[in-house]
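Asker: requesting a structural model of the entry that follows:
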Amino acid sequence: MASSHSSSPVPHPSSGGNDGMFRKDRDPSSRHPRPIRSLPDVCPKEPMGEVSRGLCEGPSVVVDQHRWTVYNSKVNLPAALNDPRLAKRESDFFTKTWGLEFAETEVMPSFYLPSITKEHFAPYLQETAQRERIHERCKNICPNKDELDAVSSITNHHDKSRGELEQVPRIFMKPDFALDDPATFNAVLPWSHFNSAGGKTSRDVVSSRLLQEKLSHYLDVVEVSIARQISLRSEAFFHAMSSQHELQDRLTQTTRSVAVLRGRTAAIERVMCEGPLRALRQALTRSNCVRLHNKLKLMAAVHQTQPTVQLLLSTSEFVGALELIATTKEVLQQELQGIHSFRHLGSQLCELEKLIDKMMVEDFSMYSRSDLSRSLDEEGQVMEKDRLESLVFGLLRQRKLDFLDIYSDEMILAAKSIVTQCVVDSVSRIEEIDPDVVTKLADRMRLMTFPQWFQLLKSVFENFILFLKRIKATLSVVRNVVLEALDSNQKSRLLELERAEAGAQAQAPGTPLSQGEAELAYLTHEGLFISDALNEAQLLQGGNGGQEQSSAVGPKQQVDQEQSSAVGLKQQGGQEQSSVVGPRQSQLRLDGCGSDSASGTTESSSSREHTFQPGGGASISEDMMPSDLELGRVANNIQELLYTASDVSHDRCVKVLMARAKDGSLERLSSAEFVCLSQAVEGFVRDTEELCCRRSVSLRGALQSQANRFVNRFHEERKTKLSLLLDNERWKQAEVPAEFQDLVNSIADGRITLPERKPQGTEERKPSDYLRIDGQKYAVVGTVLILIRIFLEYCQCVNDIPSIATDMLTRLSDLLKHFNSRSCQLVLGAGALQVVGLKTITTKNLALASRCLQLVVHYIPVIRAHFETKLTPKQYSVLRHFDHITKDYNDHIAEISSKLVAIMDSLFEKVLAKYEVKAPMPSACFRNVCKQMAKMHEALYELLPEEQAQMLFLRINASFKMHLKRQLARLGVHHDGGPQHGLVTVDVAFYTENVQALRTLEKLDLNMAEIWEQKR
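Answerer: Residues are numbered from 1 along each chain as shown. Purely as a prediction, here's the structure:
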């Protein structure tokens, strides 16, 4: 209840305007009424008789909406209706009549009313601001007399009542006053007045009476104070009661107005709404019937799933069967969930899917076995390509990504059978081998001759090349399927992104509704609140107009917009294809699943379905396919499987090679045979590398192992041969056959190979005394000619077998070192005296050995350059052997030259020790020296070139001058022009004349003046 009559239930701006306080105007006549702007009514005005007149006389919610009335009260009505004994208002008071959403729904602002802001009152506030300030100033200066009297009266009464109330003890004013409390009871009624032992006395009676009167006085004081307070507030009580009566009158008038309004609304509904709404309901009923019909057709189609799957499996159409099962399961989960008759169909389809998985794995295993085991002579690299594509599609769709392991196992078995079949075919053509006696394949291969076994090996190589081509073609088909699946995943992802972007643009807020659209939404809405209708209309205006709408927008609405088939029909080029039975079984399409089926039943499933048709036209759901990472891993595994096929083929060939090499027969091959074997193996390895892009090392390793053994035997044979030749060499100049001259000529032309042997019967050319190389003549022994042919054999072997280049280089280095060391032992070390039986090592033997060494040194750079072309850059370090060998050979040549000089030096020392300066001249000593010089020149002239001979005789001449100078110093002969000096000059002139008379020494500067000591 209001505490003061001056309170107002509705806020109104006071005359102050800006003080934030609101008061109700005391005098309604003092207001300045403003003209009311009428707005169009939402309901058309129709003649309604007495009801309309009553409605016009009553308050109007449209015209009087700006005028405050009791109906605008938002405080008193709830206060009157609420039960003060309850903590909160019962929630079902309004909701039981007007619905559960009455208390929580926001009322949408009327679009007929303008938005009123503070700026609308600005002109009025400016007009009244000055008058308001004057009024407030006067009010403060001259207060109201009635108010002052009332305040003074209230103050006097208040002071009087306070003095009377102070007579009442404070214990009665406590909020927790209760007589059931013993302490309170004893304080109010003291027992001292009733505890006399002698019974009641006159004193006790008087005390009791006084206490009773005292309490009565207290009661009178309180009652008087309460009555005074009630009298002070009687005006407020009467004002509240009069307001209550006025409120009841207004409510009665409002009830009648509401009844009239409801009547008019019912008439509007009957005239304007019932017909269109009936049409809309009938259209919705028809749409629901169509959906029901389509749902029944969908159930009929799902019912035929199992027979259709069995029919597809009978024709090995695994992809179509899986697609049908997946689509049916999706329809069961989304469209037919909760159908009692289909409660077991899901588990049955799962079991059927597992059975299909096993069937596909077995079928792929059978296909791999039949494809790899068929004859290699058959035409066509891929057997039943469509069947292979269908199997791979199905396995990928079921995520059976280990199917390549099955193909790998079958491939290994097929490789073994290829070798077995080749051996059996080869043995069957050889009469010397009895298959019943020799049962093992390895024993049969060892009994073959090398040509027979080599023909078997080439046959194995040819079959494996065909085998790898077939595997590569098959894996290429599988890879294409995987890549198409990967491409389809990417395309579907892009399509989803485009759809998401289009959906985001379609869901953007649209433009505000026009008045006609708002009225249309209001008239066609079936809910409780108009705000819901307007929200739906805005969504419909901003959404995609092609999608089916849940609320009707008129009797001309199209209810059969784009509709799909019972299990996810897709429109492609104007033709409908049902994915229930797969795109390959168009003849199994169900009747009645045409364009009149409802789009709402399968819209969610068909929108997520994405198919692609690679080759055979199989359609695979993108949701069931592996991810891009898994497909990429499968593609890599396909390439690895091709590498594995290459490795398996090489391993099988290694078995054939090692079976033959077990008894050492490959080590005993001739160079030509081993070269043929090496060329065949290298050709096979090269073909497999081009075919599989894989560098397999097993076969090369086995060949390298055999090549190392072959190189060891090859080297030992030639080293032994060279040792025998050196041990039997007599170190005499040999004639050079014409074929050796042709051999060195081919080397000079850059062909480091052995020339082909010319057939006998051709013209015979006479051998020459010298080997002519680059304009120089080399006098050689027969061993060196064989040595040249031997190192050409090494070079030829490297040409034929490049993989043994480093081993051959090491062996050739060893051979050259062996020739150098052994020749040094035999010539310089005089080992030939005991080995061959030479009487002595002559200067001619020494010169011939030196010339042979020079010939080898000439060819070392040629050999080095040849080997360098066969080595990789990482192997160039082994070429340093040739540098060491060249140094050793040059040191050996220098030692031989020093040995020739030493021979003459010892001769000069022996002869000149007996020299005496006396007539006749020339002396016998000088004649002997000249004779020995002539013999030395005769021995070396035909062997050494002119430059080397001159250098050698210059060194010999220096030795002669040294010994002569020493002897002259001993004899005391000086360059003084005396007789002895003259005699020595005659001998020296004789020596000079004889030496310069030798061929190629005419221009030799002997400088004999050095024999004389210089005078100090």
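
Asker: where are the low-confidence patches of the stretch 51-200 of the chain?
Answerer: Where the stretch 51-200 of the chain drops to pLDDT under 70, the residues are 51-107, 142-158, 161, 191-200.

Asker: what is the neighbour count of residue 983?
Answerer: If you count neighbours by other C-beta atoms under 10 Å, residue 983 ends up with 19. All C-beta spots, glycine's among them, are computed from the backbone N, C-alpha and C.

Asker: next: the one 4 residues further on.
Answerer: Other residues lying near residue 987 total 20 when counted by other C-beta under 10 Å.

Asker: am I right that it is in a strand?
Answerer: No. Counting by DSSP: H, G, I helix; E, B strand; the rest coil, one finds residue 987 to be helix, located in no strand.

Asker: in space, what's closest to it - neighbours in sequence excluded?
Answerer: Sequence neighbours aside, residue 926 is the residue nearest to residue 987 in space, at 4.4 Å (criterion: C-beta to C-beta, 6 or more residues apart in numbering).

Asker: doesn't residue 990 make contact with the one you found?
Answerer: Yes. With contacts counted by C-beta atoms under 8 Å, residue 926 reaches residue 990, the gap being 5.6 Å.

Asker: which one's more surrounded, these two?
Answerer: residue 926 (22 against 17).

Asker: what sits against the more buried one?
Answerer: Listed by C-beta atoms under 8 Å, 6 or more residues apart in numbering, the contact set of residue 926 reads 915, 987, 990-991.

Asker: and of the residues you listed, the nearest to residue 812?
Answerer: Nearest to residue 812 among the contacts of residue 926: residue 991, at 48.0 Å, using C-beta to C-beta.

Asker: give me the neighbour count for that closest one.
Answerer: If we define neighbours as other C-beta under 10 Å, then residue 991 has 22 of them.

Asker: any idea which element it lies in?
Answerer: Assigned by DSSP states H and E, residue 991 belongs to helix 979-996.

Asker: got the buried residues for that helix?
Answerer: Within helix 979-996, the residues scored as buried using 16 or more other C-beta atoms under 10 Å are 980, 983-984, 986-988, 990-992, 994-995.

Asker: now render the contacts of residue 926 as a markdown table, adding pLDDT and distance to residue 999.
Answerer: What follows is the contacts of residue 926, written out as a markdown table (pLDDT from 0 to 100; distance: C-beta to C-beta, whole Å):
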| residue | pLDDT | distance to residue 999 |
| --- | --- | --- |
| 915 | 87 | 27 |
| 987 | 89 | 23 |
| 990 | 91 | 19 |
| 991 | 90 | 17 |
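
Asker: under the pLDDT cut-off, which ranges of the stretch 651-800 of the chain? List them.
Answerer: For the stretch 651-800 of the chain, the stretches flagged by pLDDT under 70 are 755-763.

Asker: how does it look with 50?
Answerer: Applying pLDDT under 50 to the stretch 651-800 of the chain picks out residues 761.

Asker: for it, just list every one of the strands.
Answerer: With strands called from DSSP state E, counting those that start in this stretch, the stretch 651-800 of the chain shows them at 771-773, 776-778.

Asker: turn these into TSV, including distance to residue 244 and mean neighbour count.
Answerer: Shown next, in TSV, are the strands of the stretch 651-800 of the chain (distance: least, C-beta to C-beta, whole Å; neighbours: other C-beta atoms under 10 Å):
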stretch	distance to residue 244	mean neighbour count
strand 771-773	145	17
strand 776-778	149	16
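
Asker: make JSON lines out of the ones you listed and add distance to residue 424.
Answerer: Below are the strands of the stretch 651-800 of the chain laid out as JSON lines (distance: least, C-beta to C-beta, whole Å):
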{"stretch": "strand 771-773", "distance to residue 424": "56"}
{"stretch": "strand 776-778", "distance to residue 424": "59"}
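
Asker: burial of residue 253, as a residue count?
Answerer: Neighbour tally, residue 253, other C-beta under 10 Å: 15.

Asker: just the closest of the contacts of residue 926 to residue 483, please.
Answerer: residue 991 (96.6 Å).

Asker: any idea which element the residue lying closest to that closest one once chain neighbours are set aside lies in?
Answerer: Nearest residue to residue 991 in three dimensions, chain neighbours excluded: residue 926, at 5.5 Å (C-beta to C-beta, 6+ apart). For residue 926, the host element (DSSP H and E) is helix 924-941.

Asker: state the next helix or strand along the chain beyond that helix.
Answerer: Once the chain leaves helix 924-941, the next helix or strand it forms, by DSSP H and E, is helix 946-971.

Asker: helix 979-996 and that next one, what's the angle between them?
Answerer: Between helix 946-971 and helix 979-996, the angle comes out at 170 degrees (axes from the mean of the first three to the mean of the last three C-alpha atoms, to 10 degrees).
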